[in-house]
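Q: from the sequence below, what's the structure:
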Amino acid sequence: MDLLSRIGQHFTDSAQTKLAASELLAAPIAEAIEAMVGSLVNNGKILACGNGGSAADAQHLAAELVGRFELERHELAAIALTTDSSVLSAVANDYGYKLVFAKQVRALGQPGDILVAISTSGNSANVIEAINAAHENGLRVVALTGRGGGAIAEMLADTDVHICVPAQRTARIQETHLLIVHCLCDGIDCLLMGVEE
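A: Residues are numbered from 1 along each chain as shown. This is a model prediction of the structure:
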């Protein structure tokens, strides 16, 4: 096995996936940014969820919004629904893992808030239930998926935003999701702070 070639191929594949996604996803990413800013300036908040690497992306997004991305600014209201081990374990134990995010969306989500729902396959049962709860509570959904969007693609409302990475491999989808998270954070800061560059 030639490790150097294998590593190089990962870099090449990742770069090609991102370049292929850039034109396709720029418009929905911009739409998501505008929706998130609209929520935040009207005292709304961003809720984010996902499993595994997507849970890390949800936490990354919340951290950049509550703290900062690249520019100093006031704190923005964002909560990763993946971080409260007591809530997660209680809901999973009493109701099943399928509802660990949905019950939090029902408890915390208000009309005008945004749910960022992240699933590389588009088929994560607990993310699907969170989207159902978001729709019931009047939240708009920004879905980050891959592999054609799976079941999530079929359930989104016309007012929701679907950002579907054109890739099949989980690693490539997750790498592109992280770039999308950074685009969201940068765009939010630019709109809120009037950055022109």
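Q: tell me which other helices or strands the lengthiest helix in the chain touches.
A: In the chain, with assignment by DSSP state H, the single longest helix is helix 3-41. Other elements packing on helix 3-41 under the criterion 3 or more C-beta pairs under 8 Å, 6 or more residues apart in numbering; DSSP states H and E are strand 46-49, strand 114-118, strand 140-146, strand 161-165, helix 170-193. (Glycine included, C-beta is placed from N, CA and C.)
Q: in stretch 33-44, what's buried?
A: 33, 35-37, 39-40, 44 (16 or more other C-beta atoms under 10 Å).
Q: please save the CA atoms from it in CSV.
A: Backbone C-alpha positions of stretch 33-44 (Å, rounded to 0.1, in the frame of the first residue of the first chain) are rendered in CSV as follows:
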residue,chain,number,x,y,z
ILE,A,33,-27.9,32.6,5.6
GLU,A,34,-30.7,35.0,4.9
ALA,A,35,-33.2,32.8,6.8
MET,A,36,-30.9,32.5,9.8
VAL,A,37,-30.2,36.2,9.9
GLY,A,38,-33.9,36.9,9.6
SER,A,39,-34.5,34.7,12.6
LEU,A,40,-31.7,36.1,14.7
VAL,A,41,-32.6,39.8,14.2
ASN,A,42,-36.2,39.0,15.2
ASN,A,43,-35.1,37.5,18.5
GLY,A,44,-35.2,33.9,17.2
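Q: and for it, what's in contact with it?
A: 45-46, 76-77, 110, 112-114, 140, 142, 161, 183-184, 187-188, 191-192 (C-beta atoms under 8 Å, 6 or more residues apart in numbering).
Q: show me which of the residues you listed are buried.
A: The buried subset of the contacts of stretch 33-44 - by 16+ other C-beta under 10 Å - is 45-46, 76, 112-114, 140, 142, 161, 183-184, 187-188, 191.
Q: identify the farthest-apart pair in the residues you listed.
A: Gly112 and Cys183 (22.5 Å; C-beta to C-beta).
Q: follow-up on the earlier one: state the mean pLDDT of the longest helix of the chain.
A: Helix 3-41 shows a mean pLDDT of 97.
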